[in-house]
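Q: model this:
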Amino acid sequence: MGSKREEEEFPGESTPLVGSLQENQVPLKDGEYTLHLPGVTPVFPSTPKPLDATRTRKSMHEMSNLADMGGGVLSGFPTSTAKTNMKKSYSVSADGAISYLTPLQMGRHELYESIPFTAVFGLQRKERNMSVAVSSYAADLDLLEADQIAVATTKKHLSSKELELRRSQASLLILDELELDTVMVTTPLIFAVLVAAMSQFLVGYNTGVMNAPESVVFVGHTVAEWSLAVAAFAIGGPFGANLAANLAETRGRRGALLINTYLFLLGGLVQSFALNMKFIIASRFIIGFASGISSVLVPIYLGELAPPTLRGTLGTLTQFALVVGILVSDFFAFPFATESKWRLLFSVTAITAILQLFCAPWLLESPRWLLSKDTKSRKARYIIKKLRGLRYDHEVDTEVEHFVSAMEVQKVNSSDSNSSGSGGYAEMFGDKNVRLLVVSCIVLQMTQQLCGINAVFYYSTAIFKGVIDNPLIGTTLVGAVNVVATYIALLLMDTCGRRTLLLWSAGGMFAACIILVLSLLGYLTNIYALVAVIVYVSFFEIGLGPIPWLIVAEMFDAKYVSLAMSASCQVNWFCNFLVGLIFPYMNKYLGPYSFVPFATVLFVGFIFSAIWLPETQGTTPEELQANLVKKNASTVYHNMSFVDEVIGAEELGDQWRMAMDQVRAEEEEAMNDGTYNYGFNPIDDPNNTENSNNFLPFAPP
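A: Down below sits the predicted model:
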């Protein structure tokens with residue numbers, strides 16, 4: 001810096017930071033500071049002393065609480081200089097609105113607005129990229145103010161090494177805190193997730209339950225009767241999926257899930273006590289109707305309960321619940337797929353539904369739905385406190401602000417896809433930015449079902465007849481491979497592009513179809529047919545299985561996610577119905593050539609993916625951070641420096657450790673006395689009985 005610049009009056013600690021980072025700008029006399037800092041991803045220096053993760057995490061929570069409480073201190077400990085001089089973080093937007101959020105809270109705020117309220121298999125990559133982006137953005141804000149303070153106090157800028165070290169410390173600090181939700185999961189959230197996942201288990205179970213007992217259920221039925229019984233599941237599916245959004249909006253997520261459970265119970269009872277094939281067909285329609293509701297409702301419910309960084313993980317759980325359901329139906333077929341016990345095979349649906357109803361007290365209502373009805377809902381705040389394990393009212397209020405802001409940005413009304421009619425779809429198709437993605441979603445959903453995957457899950461026992469001695473062994477082996485392949489797909493989606501996986505998936509399934517046909521024609525031994533089906537299912541799970549759904553959550557703007565998911569669901573169920581209804585006739589009249597039509601569909605899907613499908617791996621952290629800079633260009637930030645207070649203040653750290661030791665001792669004493677609050681008590685004074693019904697966790701809204 002020149003001598004003239006050094007003689008100027010430099011801004012102090014409380015001067016604002018402008019969110020727009022322009023190149024080659026320096027501190028100005030009037031307090032504006034927009035120095036360009038290259039690099040947007042965390043830098044991991046090798047020489048500095050590693051951070052104490054335990055101390056850092058506790059200090060970050062302290063920083064957040066101190067900021068929210070205006071610099072207050074924990075009772076019982078002296079007030080240090082660091083504490084009393086700490087200034088509250090805040091930002092001012094272009095319209096004059098003031099937001100009192102710490103850098104950590106600001107990061108969570110961005111995650112809530114960017115990650116859709118739905119649990120989708122494979123969404124973890126987008127969550128991770130967004131976490132890296134917001135942590136880097138917050139680190140840049142910290143760097144700007146730290147350098148500004150250094151210039152104001154020492155008349156010198158921070159060196160490149162100091163900037164690098166500080167950026168690393170700040171970004172890792174924020175990233176660690178943002179990802180804390182993925183490892184610290186509360187008990188109420190776990191129970192709610194498990195109970196809801198039982199619905200997806202029933203979807204999978206009823207997908208595979210009709211595979212084995214074809215020859216023992218009402219012996220003498222026609223091919224048409226059995227194919228209609230299988231396909232009735234997919235007939236009811238789109239009706240349920242279409243009704244699910246309206247049901248969830250009018251009855252609440254929890255109420256809709258309970259209605260769905262009663263439908264599973266009804267369908268399971270009718271199927272178990274069926275008098276003839278007509279009752280079987282009717283029961284399959286009811287169960288399919290419930291499955292359609294579940295396929296839409298469960299991802300929404302779990303996405304609205306979970307923090308943003310956990311939604312992809314819960315989407316993975318629902319997918320595993322579905323494939324495990326298919327495998328369990330295969331295992332149960334061994335003892336129960338007989339003329340005398342087939343009703344027990346069907347009764348599993350009713351038994352599971354009854355168990356789910358007994359577990360209903362652990363189903364919490366979606367706080368997002370409650371806040372959409374009333375932003376001041378005390379019941380929503382009570383549930384958020386339980387789900388997040390929060391201790392203080394101001395923490396709950398901050399979380400509520402995240403929900404409300406995300407609802408405004410995403411503007412997702414579950415009934416939009418229905419109530420808006422053709423207008424919403426016309427707007428989506430008319431948007432040139434997403435038109436190719438919409439067409440891609442529809443084509444991929446058609447390819448996913450018309451490739452014949454459900455012909456395997458519905459009729460693999462019939463396919464393996466004459467190929468292996470016991471077709472049930474082949475069917476069960478395919479179900480087990482399906483579960484393993486789902487896990488492998490989860491690993492691959494973190495490292496490979498979506499388009500690349502789709503090409504490998506379609507290509508591998510096409511080759512498996514060719515081998516299967518050659519084996520059925522006698523050119524290859526029978527063992528090749530079994531191997532071909534296993535390879536076919538494995539390649540399906542790494543690409544065509546999850547990616548058509550993942551594209552919607554990753555690539556669409558939040559306002560289009562609901563519409564795109566609804567359209568995809570309708571197309572998927574319709575094609576599912578066609579396969580379930582037609583394959584028995586294909587198997588009867590085409591014989592060994594029955595998989596040739598499926599191979600043709602896969603070939604067309606491969607060509608479409610290779611030529612027209614854009615890479616859908618998602619936005620990189622660098623691109624996401626650039627979007628954040630652009631989005632907040634007109635926002636002025638104040639007091640965003642947090643590394644010094646968190647890491648450099650030894651006195652503050654010592655007092656924080658003392659405070660945590662005292663809190664830990666008090667909690668252990670409360671646990672021993674049986675008075676510890678595990679998160680199930682109301683936020684307000686439990687002795688206050690006025691309007692107590694407003695706090696009941698399961699009272700009607």
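Q: mind listing the strands for the protein?
A: Assigned by DSSP state E, the chain shows strands spanning 17-18, 90-92, 98-99, 636-638.
Q: would you mind checking the average pLDDT for the third one?
A: Throughout strand 98-99, pLDDT has a mean value of 70.
Q: got it, and the last one?
A: Mean pLDDT, strand 636-638: 70.
Q: please apply the same query to stretch 308-324.
A: The average pLDDT for stretch 308-324 rounds to 87.
Q: put the alpha carbons of it into PDB.
A: Written as PDB, here are the backbone C-alpha positions of stretch 308-324 (Å, rounded to 0.1, in the frame of the first residue of the first chain):
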ATOM      1  CA  PRO A 308     -31.700 -30.000   4.600                       C
ATOM      2  CA  THR A 309     -28.500 -31.900   4.900                       C
ATOM      3  CA  LEU A 310     -30.400 -35.100   5.900                       C
ATOM      4  CA  ARG A 311     -33.000 -35.300   3.200                       C
ATOM      5  CA  GLY A 312     -31.000 -37.300   0.700                       C
ATOM      6  CA  THR A 313     -30.100 -39.800   3.400                       C
ATOM      7  CA  LEU A 314     -33.800 -40.300   4.300                       C
ATOM      8  CA  GLY A 315     -34.600 -40.600   0.600                       C
ATOM      9  CA  THR A 316     -32.000 -43.400   0.500                       C
ATOM     10  CA  LEU A 317     -33.800 -45.000   3.500                       C
ATOM     11  CA  THR A 318     -37.100 -45.100   1.800                       C
ATOM     12  CA  GLN A 319     -35.600 -46.700  -1.300                       C
ATOM     13  CA  PHE A 320     -34.000 -49.400   0.900                       C
ATOM     14  CA  ALA A 321     -37.300 -49.900   2.600                       C
ATOM     15  CA  LEU A 322     -38.900 -50.500  -0.800                       C
ATOM     16  CA  VAL A 323     -36.300 -53.000  -2.100                       C
ATOM     17  CA  VAL A 324     -36.200 -54.800   1.300                       C
END
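Q: how far does it sit from its chain's centre?
A: Relative to the chain's own centre, stretch 308-324 is displaced by 7 Å; criterion: C-alpha atoms, centre = their mean, to the nearest Å.
Q: Phe285 is in contact with Ala232, isn't it?
A: Yes. The pair Phe285 and Ala232 qualifies as a contact (C-beta atoms under 8 Å) at a distance of 4.4 Å. (Each C-beta comes from the backbone N, C-alpha and C, glycine too.)
Q: mutual contacts of those two, please.
A: Overlap of the contact sets of Phe285 and Ala232 (by C-beta atoms under 8 Å, 6 or more residues apart in numbering) is empty.
Q: for Ser199, give me the pLDDT.
A: The model's pLDDT for Ser199 equals 94.
Q: do the same with Ile300
A: Model confidence at Ile300, given as pLDDT, is 88.
Q: ditto for Asn413
A: Asn413 is assigned 45 on the pLDDT scale.
Q: what ranges do the helices span in the stretch 301-450 of the chain?
A: Secondary structure of the stretch 301-450 of the chain by DSSP state H, counting those that start in this stretch: the helices cover 311-336, 342-358, 367-373, 378-388, 393-410, 416-419, 422-430, 435-450.
Q: Ser199: which of those is closest?
A: Of all those, helix 342-358 sits nearest to Ser199, with 7.2 Å by C-beta to C-beta.
Q: buried stuff in the closest one?
A: By neighbour count with 16 or more other C-beta atoms under 10 Å, helix 342-358 contains the buried residues Trp342, Leu345, Phe346, Ser347, Val348, Thr349, Ala350, Thr352, Ala353, Gln356, Leu357.
Q: tell me the one among those nearest to Ser131.
A: Taking those together and measuring to Ser131 by C-beta to C-beta, the closest member is Gln356, at 33.4 Å.
Q: got any ranges where the stretch 551-700 of the chain has weak pLDDT?
A: When the per-residue scores of the stretch 551-700 of the chain are filtered using pLDDT under 70, the ranges that remain are 553-554, 557-559, 562, 615-629, 633, 638-661, 674, 676-700.
Q: tell me who's in contact with Phe583.
A: Applying C-beta under 8 Å, 6+ apart, we find Phe583 in contact with Ser227, Gly452, Ala455, Tyr458, Tyr459, Ser594.
Q: switch the cut-off to 6 Å
A: When the contact criterion is C-beta atoms under 6 Å, 6 or more residues apart in numbering, the partners of Phe583 are Ala455, Tyr459.
Q: any idea how far it is from Asn211?
A: Going from Phe583 to Asn211 by C-beta to C-beta, to the nearest Å gives 12 Å.
Q: helices of the stretch 51-200 of the chain, start to end?
A: Taking DSSP H, counting those that start in this stretch as the criterion, the stretch 51-200 of the chain carries its helices at 53-68, 81-84, 103-114, 124-154, 160-178, 187-208.
Q: turn those helices into JSON lines, columns for distance to Val434 and mean neighbour count.
A: Written out in JSON lines, the entries for the helices of the stretch 51-200 of the chain read as follows (distance: least, C-beta to C-beta, whole Å; neighbours: other C-beta atoms under 10 Å):
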{"stretch": "helix 53-68", "distance to Val434": "37", "mean neighbour count": "18"}
{"stretch": "helix 81-84", "distance to Val434": "50", "mean neighbour count": "14"}
{"stretch": "helix 103-114", "distance to Val434": "17", "mean neighbour count": "23"}
{"stretch": "helix 124-154", "distance to Val434": "17", "mean neighbour count": "22"}
{"stretch": "helix 160-178", "distance to Val434": "28", "mean neighbour count": "20"}
{"stretch": "helix 187-208", "distance to Val434": "28", "mean neighbour count": "23"}
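Q: tell me which of those sits nearest to Val552.
A: The minimum distance between Val552 and these falls on helix 124-154, with 11.8 Å, by C-beta to C-beta.
Q: centre of the chain to that closest one, how far?
A: So, by C-alpha atoms, centre = their mean, the centroid of helix 124-154 is 26 Å from its chain's centroid.
Q: report the rounded mean pLDDT for it.
A: If you average the pLDDT values across helix 124-154, you get 80.
Q: okay, the helices of the stretch 301-450 of the chain in JSON lines with distance to Arg251 next?
A: Formatted as JSON lines, the entries for the helices of the stretch 301-450 of the chain read as follows, by distance: least, C-beta to C-beta, whole Å:
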{"stretch": "helix 311-336", "distance to Arg251": "21"}
{"stretch": "helix 342-358", "distance to Arg251": "16"}
{"stretch": "helix 367-373", "distance to Arg251": "10"}
{"stretch": "helix 378-388", "distance to Arg251": "15"}
{"stretch": "helix 393-410", "distance to Arg251": "19"}
{"stretch": "helix 416-419", "distance to Arg251": "14"}
{"stretch": "helix 422-430", "distance to Arg251": "22"}
{"stretch": "helix 435-450", "distance to Arg251": "28"}
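Q: can you tell me which of the buried residues of helix 342-358 is nearest Val561?
A: Using C-beta to C-beta, Gln356 is the member of the buried residues of helix 342-358 that lies nearest Val561, at 27.3 Å.
Q: could you check how far that closest one is from Val439?
A: Using C-beta to C-beta, one gets 38 Å for the distance from Gln356 to Val439.
Q: ok, Ala480 next?
A: Using C-beta to C-beta, Ala480 is found at 36 Å from Val439.
Q: quick one: contacts for Pro367?
A: Ala380, Ile383, Ile384.
Q: neighbours of Phe279, how many?
A: The number of residues packed around Phe279, counting by other C-beta atoms under 10 Å, is 16.
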